[in-house]
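*Asks:* fold the stuff below for me.
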Amino acid sequence: MALSFVMHEANRDMPPPIGDWLTQHQKDAHFFLENLRGAEFHWFFIQAVNALEHDLYIPAVSSLFNGVEATLRVTLQQIADPHVPQAPSPYRVLSNRLILDAHAHGMPVEKLAFAGESNFFEKLQSEKPARVDVEIVRLRNDICHGNVFEFINRELGEGNHFFTPECLRDLAASLLEISKQWALALGKFRHERFHEY
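*Replies:* Model prediction:
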């Protein structure tokens, strides 16, 4: 007991560990920086976290989608030519096909599935005319093209429907969690493939 009291008294004058005085948003930003070292894509996630800190849901969601797309495109470009850094093709955008290509190269794309999307790989493999986009592709296309009709609040009844950025709050929370799982798994993949530290 006496030793415990002495240790407590000695630690009372010490500053708290850095993790204790960082906000959750700062911890999230640091997480993406640590796991996704490439500036060509980690800034999308960090900017999304900064937007969420200020309840800016539209830019946060858009930036998270762009971060996922950038990580896929850049990593696939690096796999194709690891010795010559170059911009990915502008024609390779977030799509079922891009995610399937990433999967074929061993990238942990299962981390991009939304909760309850048990048919993720089935959707990825679907083809025209019966193609069904996985949720991350479908939602990215809708949000980044300005289609928010799915998120309109209809709780007040007919004639009182409305959309505010807060209608994207749940999507932002889900997408942030997916992005964290993706960053962690992709960071490990990139470390093993490219020996990044």
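*Asks:* hang on, Leu94 packs against Arg140?
*Replies:* Yes - in terms of C-beta atoms under 8 Å, Leu94 counts as a neighbour of Arg140; the distance is 5.2 Å. C-beta here means a position set from N, CA and C on the backbone, and glycine is covered the same way.
*Asks:* identify the contacts common to these two.
*Replies:* Residues touching both Leu94 and Arg140 (C-beta atoms under 8 Å, 6 or more residues apart in numbering) are 65, 68-69.
*Asks:* most neighbours, which of those?
*Replies:* Val68 (26 neighbours; other C-beta atoms under 10 Å).
*Asks:* Phe121 and Glu69, how far apart?
*Replies:* Here Phe121 is placed at a distance of 19 Å from Glu69 (C-beta to C-beta, to the nearest Å).
*Asks:* so which residues of this protein form helices?
*Replies:* When secondary structure is read from DSSP state H, the chain shows helices at 2-12, 18-21, 24-35, 39-53, 57-80, 96-104, 120-125, 135-144, 169-194.
*Asks:* which of these sits closest to Lys111?
*Replies:* helix 169-194 (4.5 Å; C-beta to C-beta).
*Asks:* so how far is that closest one off the chain centroid?
*Replies:* Here the centre of helix 169-194 is set off from its chain's centre by 5 Å, with C-alpha atoms, centre = their mean, to the nearest Å.
*Asks:* specify the angle between it and helix 57-80 in degrees.
*Replies:* 20 degrees (axes from the mean of the first three to the mean of the last three C-alpha atoms, to 10 degrees).
*Asks:* now helix 169-194 against helix 96-104, angle please.
*Replies:* 40 degrees.
*Asks:* can you pull the buried residues of helix 169-194?
*Replies:* By neighbour count on 16 or more other C-beta atoms under 10 Å, the buried set for helix 169-194 is 169, 171-172, 174-176, 178-180, 182-187, 189-190.
*Asks:* name the helices or strands packed onto it?
*Replies:* Where contact means 3 or more C-beta pairs under 8 Å, 6 or more residues apart in numbering; DSSP states H and E, helix 169-194 is packed against helix 24-35, helix 39-53, helix 57-80, helix 135-144.
*Asks:* and these as a markdown table, adding distance to Phe163 and mean pLDDT?
*Replies:* Shown next, in a markdown table, are the helices and strands packed on helix 169-194 (distance: least, C-beta to C-beta, whole Å; pLDDT from 0 to 100):
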| stretch | distance to Phe163 | mean pLDDT |
| --- | --- | --- |
| helix 24-35 | 25 | 88 |
| helix 39-53 | 18 | 93 |
| helix 57-80 | 10 | 96 |
| helix 135-144 | 12 | 97 |
